Structure formats: C-alpha cells, structure tokens
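>>> heads up, no residue letters with this:
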C-alpha cells in the first residue's frame with residue numbers, strides 16, 4: 001500500500017546477487033515463514049518494524065500466490081510494495097511455474113525508502129531474489145504511462161497502492177492498457193469505497209469479469225423473505241477480488257458511459273455485521289501471532305476484542321479459552337502443530 005510522503009527514489013534493478021535467474025522456492029518460503037513467525041521485518045536502518053496490519057496476512061498472500069500459479073504469467077506487475085510480503089508470494093509462484101527470470105516482476109512504490117525504510121528490498125536481497133525484480137521508486141501515475149510508451153505488456157497485475165478513488169482509478173486506467181487481453185488483474189482491499197467503485201467501473205464500462213475473490217462468497221444466501229439479512233449479505237465486500245480482462249475490448253462511443261454507482265452504499269453505512277468481519281479477522285490474526293510469540297496476555301486481549309465484535313463466532317471464543325491453558329495442552333486442542341517450549 002502506498003502510504004506516506006513522496007520519495008523520488010532511483011529506478012531500475014535492485015542491487016543484489018547477480019545471475020539469479022531461477023532460484024529455488026526454499027529461500028522465498030523461508031523468508032515468508034520467518035516474517036510471519038516473528039511478525040516483524042528489518043529495514044535498511046537496522047530497525048525492526050511490525051508487518052501487520054499494513055502487510056497482507058498469510059491467507060491473503062497464499063490466495064494471491066494461488067492465482068498467480070494458476071495463471072502461469074510470463075510478466076507480472078505490482079503497484080505498492082510495502083513490507084514486500086505480496087511480492088514474495090508472487091515471486092514464489094513465478095518460481096514454482098518456471099517463469100522466474102531477471103526482471104520478470106515489475107514493482108513501483110514511491111514510499112519504499114521513506115515509510116518502509118527499504119525493508120522489502122532488504123528482504124529480497126537476503127532471499128537472493130533481488131534480480132527477479134525491476135523496481136521503481138516513483139509514483140505509479142508516472143511509471144505506468146512510461147511503460148505504456150515502451151510497449152510493455154503484462155499477464156498478471158496486483159494493485160495495492162493508493163486506495164482513494166482517484167488514485168486506484170488512474171492505476172486501473174493505465175493498467176488496462178498494459179494488461180494483455182485475457183490477463184488477470186487483482187485488486188487488494190475492495191472493501192474500501194475507492195477500490196470497490198473502481199471494480200464496478202471495470203465491470204460496467206470495460207467488460208471485466210469477476211474471476212475469483214477472497215474470502216470465497218458464502219454458499220448459503222438468505223431466502224427472499226428475510227430482506228434485511230439478504231441485503232446485508234449483498235453489501236458484504238471481499239478482501240481481494242480478481243478480474244479477467246476481455247479478449248476483445250468493449251467498443252465504446254465517445255459519449256457512451258455506463259453508470260456504475262447506482263445502489264452504492266458507502267462502507268461506513270454498511271451494517272456493522274457486514275464489515276466487522278474485516279476487523280475481527282485482523283484481531284484474530286494479531287492474536288495468533290502474539291500467542292505464537294508466547295505473549296498470552298496480549299493474545300487473550302486481542303481474542304476478547306474479536307469475540308466482542310463477533311460474539312457467536314465459536315473459533316474466536318475457543319482461541320480465547322486456550323490462552324488460559326498451558327501451551328502444550330493448548331496445542332493439542334488447536335491442531336496447530338507442536339507447542340513452543
């Protein structure tokens with residue numbers, strides 16, 4: 001996510017080990033395991049920074065990697081690098097499909113050196129995959145038109161930059177010209193109004209088709225007579241949504257415009273039950289990280305906050321109860337593997 005003051009950083013390849021064309025997935029997975037285990041990342045200034053809540057959760061990262069593996073893209077693009085978690089998942093997928101080569105993944109983030117202290121770049125160097133990335137420390141609104149002028153094309157794009165409507169819309173407008181017909185574009189955080197409205201524009205005016213989303217849509221829909229419950233389910237927004245670009249661009253007259261905001265309900269007006277899932281998931285994830293680190297008091301507090309938001313979510317209450325148990329006994333109930341000694 002692009003957050004913070006602008007930074008006119010240099011562009012191009014990241015300095016790192018040369019000759020790395022197809023690294024094994026081991027170092028990448030090892031880096032991801034360490035980051036999620038520790039919950040922190042180290043910047044070039046030697047300071048540790050918490051990866052959450054800005055970084056993608058492991059479940060979201062695995063979803064992005066799964067999309068990329070299934071797509072088997074030859075060239076990928078990412079807007080917004082932050083701590084580099086989504087970057088590692090994408091590189092892991094490219095390595096698994098044999099598409100990893102120098103400069104195969106293009107990234108732009110003007111705040112990498114300032115807000116994120118070059119932590120993602122440092123992580124890529126330590127994992128030995130710096131050569132796979134073509135990095136630009138400039139705003140996407142400057143870099144994307146340049147790539148269009150160069151005639152670049154991409155098969156898979158992940159947008160996680162400016163979440164305001166004007167920012168994400170401009171990103172999509174340029175990405176549409178860079179994405180090959182039939183390519184896949186993945187929007188992070190469509191629960192936010194700016195991203196959500198851009199997704200609706202892509203569907204209504206450019207003919208993009210929703211391909212997949214995280215979490216998966218609920219299978220059971222409330223019956224028609226339960227109006228309030230049905231409306232709440234319709235208003236729920238996913239955390240990630242993937243769209244397929246049509247093979248043939250929609251023919252649009254100069255005066256043609258399909259309204260995409262009819263029935264729009266701002267995020268803050270959506271019934272609490274519909275969007276509290278986002279906060280509940282975040283608290284649960286932070287609680288599990290605290291529990292892994294041995295901080296039972298913090299984990300107990302976070303699980304209690306999550307249970308207050310979703311009182312009928314039994315797994316959350318079970319996690320809260322396990323914080324009162326000795327770690328070895330709690331591990332037997334959690335099914336989460338070996339307890340920490």
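Arrived safely, thanks for sending. Just so you know, these numbers come straight off a predicted model, no measurement behind them.

>>> Only C-alpha atoms from now on, for both contacts and neighbour counts.
OK.

>>> Return the per-residue confidence for the closest residue to residue 176 other than its chain neighbours.
In space, and not counting its chain neighbours, residue 176 is closest to residue 245: 8.0 Å by C-alpha to C-alpha, 6 or more residues apart in numbering. What the model reports as pLDDT for residue 245 is 98.

>>> where's residue 245 relative to residue 99, distance?
21 Å (C-alpha to C-alpha, to the nearest Å).

>>> The two: which has the busier surroundings?
Legend: neighbour count by other C-alpha atoms under 10 Å for residue 245 and residue 99, higher for residue 245 (24 against 20).

>>> wait, isn't that one in contact with residue 181?
Yes: assessed by C-alpha atoms under 8 Å, residue 245 is found in contact with residue 181 at 5.8 Å.

>>> Pull the contacting residues for residue 306.
279-281, 283-284, 316 (C-alpha atoms under 8 Å, 6 or more residues apart in numbering).

>>> can I get those in JSON lines with distance to residue 65, neighbour count and pLDDT?
Formatted as JSON lines, those follow (distance: C-alpha to C-alpha, whole Å; neighbours: other C-alpha atoms under 10 Å; pLDDT from 0 to 100):
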{"residue": "279", "distance to residue 65": "23", "neighbour count": "14", "pLDDT": "71"}
{"residue": "280", "distance to residue 65": "24", "neighbour count": "20", "pLDDT": "77"}
{"residue": "281", "distance to residue 65": "20", "neighbour count": "15", "pLDDT": "75"}
{"residue": "283", "distance to residue 65": "23", "neighbour count": "23", "pLDDT": "82"}
{"residue": "284", "distance to residue 65": "22", "neighbour count": "22", "pLDDT": "82"}
{"residue": "316", "distance to residue 65": "27", "neighbour count": "23", "pLDDT": "86"}
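
>>> So, low pLDDT: which residues of the stretch 151-300 of the chain?
218-235, 268, 271-278 (pLDDT under 70).

>>> where along it do the strands fall?
154-159, 179-188, 209-214, 240-244 (DSSP state E, counting those that start in this stretch).

>>> looking at these, which is buried most?
Neighbour counts (mean count of other C-alpha atoms under 10 Å) averaged over each of the strands of the stretch 151-300 of the chain peak at strand 154-159, with a mean of 24.

>>> elements contacting it?
Here strand 154-159 touches strand 76-79, helix 165-178, strand 179-188, going by 3 or more C-alpha pairs under 8 Å, 6 or more residues apart in numbering; DSSP states H and E.

>>> and the second one with strand 179-188, angle?
Helix 165-178 and strand 179-188 are oriented at 150 degrees to each other (axes from the mean of the first three to the mean of the last three C-alpha atoms, to 10 degrees).

>>> roughly how far is helix 165-178 from the heart of the chain?
The chain centre lies 17 Å from the centre of helix 165-178; the measure is C-alpha atoms, centre = their mean, to the nearest Å.

>>> buried stuff in stretch 54-69?
Within stretch 54-69, the residues that qualify as buried are 55-58, 60-69, counting by 16 or more other C-alpha atoms under 10 Å.

>>> Ok, stretch 129-142 next?
For stretch 129-142, by 16+ other C-alpha under 10 Å, it's 129-140.

>>> what's the model's confidence in it, averaged?
Mean predicted confidence for stretch 129-142 is 96.

>>> chain center to that stretch: distance?
17 Å.

>>> Include distance to residue 199 when you put the strands of the stretch 151-300 of the chain into TSV, please.
Output for these, formatted as TSV (distance: least, C-alpha to C-alpha, whole Å):
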stretch	distance to residue 199
strand 154-159	11
strand 179-188	8
strand 209-214	9
strand 240-244	8
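
>>> Fine, thanks again, bye for now.
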